[in-house]
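1. please find the sequence and the predicted model below.
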Amino acid sequence: QVQLVESGGGLVQAGGSLRLSCAASGRTFSNYAMGWFRQAPGKEREFVSTISRSGDMTFYAESVKGRFTISRDNAKNTVSLQMNSLKPEDTAVYYCAAGPTNTGLSHLYDFWGQGTQVTVSS
């Protein structure tokens with residue numbers, strides 16, 4: 001089992017920044033690719049970003065490319081999502097997830113955190 005705990009969410013004005021963190025415990029963190037997903041009210045969960053086990057490969061949804069940056073620290077068992085130039089449409093609950101490969105497909109991730117709320121006001 002891998003336990004994931006997100007933090008860093010909050011309320012921010014449009015154009016502002018937030019940094020989300022996800023702390024992992026349990027099995028060896030570096031064995032897992034990590035992903036960030038989000039779910040807005042009334043919408044399905046959607047892919048945001050993913051990073052490979054070593055951190056050498058990253059992918060982003062088109063909607064966040066150029067504004068969000070994913071990173072990981074395998075020594076500290078953490079993955080982060082730096083979010084800049086936030087827009088009201090970024091408002092959602094953000095989840096981190098761990099799985100065997102870096103993919104945008106949520107069903108391929110084995111472990112999920114409880115989520116952290118991000119609200120962007122206009």
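-> Done, it's in.
2. which pLDDT value belongs to the most centrally placed residue in the chain?
-> Residue closest to the mean C-alpha point of the chain, counted by Cα atoms, centre = their mean, is residue 36 at 2.5 Å. Looking at residue 36, its pLDDT stands at 98.
3. and for residue 37, the neighbour number?
-> 24 (other Cβ atoms under 10 Å). All C-beta spots, glycine's among them, are computed from the backbone N, C-alpha and C.
4. so which strand or helix has residue 93?
-> Here residue 93, judged by DSSP states H and E, is contained in strand 92-99.
5. same for that strand, what does it pack against?
-> Contact here means 3 or more Cβ pairs under 8 Å, 6 or more residues apart in numbering; DSSP states H and E; on that basis strand 92-99 packs against strand 2-7, strand 18-26, strand 33-39, strand 78-83, strand 111-112, strand 116-121.
6. sorry, back to before: now the residue nearest to the centre of the chain: closest residue in space, sequence neighbours ignored.
-> Leaving aside its sequence neighbours, residue 36 sits nearest to residue 48 (Cβ to Cβ, 6 or more residues apart in numbering; 4.2 Å).
7. number of nearby residues for that neighbour?
-> By other Cβ under 10 Å, neighbour count at residue 48 equals 25.
8. wasn't it part of a strand?
-> Yes. With DSSP: H, G, I helix; E, B strand; the rest coil as the criterion, residue 48 is part of a strand.
9. next, format the helices and strands packed on strand 92-99 as JSON lines and append distance to residue 103.
-> Shown next, in JSON lines, are those (distance: least, Cβ to Cβ, whole Å):
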{"stretch": "strand 2-7", "distance to residue 103": "16"}
{"stretch": "strand 18-26", "distance to residue 103": "17"}
{"stretch": "strand 33-39", "distance to residue 103": "7"}
{"stretch": "strand 78-83", "distance to residue 103": "15"}
{"stretch": "strand 111-112", "distance to residue 103": "14"}
{"stretch": "strand 116-121", "distance to residue 103": "22"}
